[in-house]
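S.K.: sequence plus the predicted model coming up.
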Amino acid sequence: MNNQETMEKMKQLKLHGMRQSFQNMLDTGSIHDLENDEMIAHLIEAEYDARYNKRIHTLIGKANFRMIAHLEEVKYDSSRNISKKQILKLCDLNWLLKGENIIISGATGTGKSFLCCAIGLKTCMMGYKVSYFSANKFFGQLKYEKSCGNYYKSVGRLSKTDLIILDDFGLDILDKDSRLILFEILEDRNEKKSMIITSQIPIENWYDIIGDKTIADAVCDRIISNSHQINLGGDTMRKIKIDKS
């Protein structure tokens, strides 16, 4: 079998990384410098890398992040009430493996959405499934799914997601359906799967946002008791960007 036939069979078997690597070896002549075992190892590594990168790309696409943000770009200073040590500790994802949550609070523009998306991207890069939602759209979509009879199917998909991000929680007071949806999601994920929730509303005021005292107690117990909390401070990041420009 000649090289062209080998390339064609790789294509048919969808060994795209291996095929590209083999083509590069032929183009550069490096194929003649490798022993058989070295060439096989090189081809397998190329295929592994190609499939890994494709999976990560797919995970990031399905996460539907509001923005592509990187933890390396997080700004640290005393006024922001956030330390590099704190973020590095979250990077090991032990909190995710334990089914713990992250609560990010702070005023408008302090970088809550950026930080939750950056942590979410890091989680995808480690091979986990993430889903990002604006909180209001999240509840609206699930209420719509409930009216269509697709609610439990949607909840079933969410249960397979390693990390759910709810951004801007508390902009509106929850109605009965929304608070029940939140309780059911949390009950299903409690100590098994993680959530990140960002909010302008201080945690102690969440009871007023959730509404019903009994459900609020149950919801807050499941979120807060098992969470890492970051309370961002300082000037809005939007103002800082304008000043620097």
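M.R.: Looks like it came in fine. Numbers count the residues shown, from 1 in each chain.
S.K.: with just CA atoms, put stretch 117-127 into CSV.
M.R.: Taking Å, rounded to 0.1, in the frame of the first residue of the first chain, the C-alpha atoms of stretch 117-127 are listed here in CSV:
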residue,chain,number,x,y,z
CYS,A,117,-17.1,32.9,32.4
ALA,A,118,-13.4,32.6,33.1
ILE,A,119,-13.9,29.9,35.7
GLY,A,120,-16.4,28.2,33.3
LEU,A,121,-13.9,28.3,30.4
LYS,A,122,-11.2,26.7,32.7
THR,A,123,-13.7,24.0,33.6
CYS,A,124,-14.3,23.3,29.9
MET,A,125,-10.6,23.1,29.3
MET,A,126,-10.4,20.4,31.9
GLY,A,127,-12.9,18.4,30.0
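S.K.: only the buried residues of that stretch, if you could.
M.R.: For stretch 117-127, the neighbour count (16 or more other C-beta atoms under 10 Å) marks 117, 118, 119, 120, 121, 122, 123, 124 as buried. For glycine as for every other residue, the C-beta is placed from the backbone atoms N, C-alpha and C.
S.K.: so which residue is dead centre in this protein?
M.R.: residue 120 (2.6 Å; C-alpha atoms, centre = their mean).
S.K.: next up, the contacts around the closest residue to that residue other than its chain neighbours.
M.R.: Ranked by C-beta to C-beta, 6 or more residues apart in numbering and with sequence neighbours excluded, the top spatial neighbour of residue 120 is residue 130, at 4.7 Å. Residue 130 makes contacts with 59, 63, 120, 123, 124, 161, 162, 163, 164, 165, as judged by C-beta atoms under 8 Å, 6 or more residues apart in numbering.
S.K.: need the pLDDT of residue 130.
M.R.: In this model, residue 130 is scored at 97, pLDDT.
S.K.: can you give me phi and psi for it?
M.R.: phi -130, psi 140 (degrees, to the nearest 10).
S.K.: any idea what it is bridged to?
M.R.: residue 163 (DSSP bridges).
S.K.: adjust the sequence numbering to begin at 5 for everything that follows.
M.R.: Shifting the count to begin at 5 puts that one at residue 134.
S.K.: gap between it and residue 106?
M.R.: For residue 134, the distance to residue 106 equals 12 Å [C-beta to C-beta, to the nearest Å].
S.K.: which of the residues in stretch 212-220 are buried?
M.R.: Buried-residue list, stretch 212-220, by 16+ other C-beta under 10 Å: 213, 214, 219, 220.
S.K.: equivalent analysis for stretch 11-30, please.
M.R.: Neighbour-count burial for stretch 11-30 [16+ other C-beta under 10 Å]: 11, 14, 19, 21, 22, 23, 24, 25, 26, 29.
S.K.: list of residues touching that stretch?
M.R.: 5, 7, 10, 34-35, 38, 43, 46-48, 50-55.
S.K.: pLDDT on that stretch, on average?
M.R.: Mean predicted confidence for stretch 11-30 is 88.
S.K.: do the same with stretch 212-229
M.R.: The model assigns stretch 212-229 a mean pLDDT of 89.
S.K.: got the CA positions of that stretch in CSV?
M.R.: Listed next in CSV are the C-alpha coordinates belonging to stretch 212-229 (Å, rounded to 0.1, in the frame of the first residue of the first chain):
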residue,chain,number,x,y,z
ASP,A,212,-36.6,38.6,49.7
ILE,A,213,-35.8,37.8,46.0
ILE,A,214,-36.8,34.2,46.3
GLY,A,215,-40.1,35.1,48.1
ASP,A,216,-41.7,32.1,49.9
LYS,A,217,-39.9,31.7,53.2
THR,A,218,-40.0,27.9,53.3
ILE,A,219,-38.6,27.5,49.8
ALA,A,220,-36.1,30.4,50.4
ASP,A,221,-34.8,28.5,53.4
ALA,A,222,-34.4,25.3,51.4
VAL,A,223,-32.8,27.1,48.4
CYS,A,224,-30.3,29.2,50.4
ASP,A,225,-29.3,26.2,52.6
ARG,A,226,-28.4,24.2,49.4
ILE,A,227,-26.6,27.1,47.8
ILE,A,228,-24.8,28.9,50.6
SER,A,229,-23.9,26.1,53.0
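S.K.: many thanks, we can stop here.
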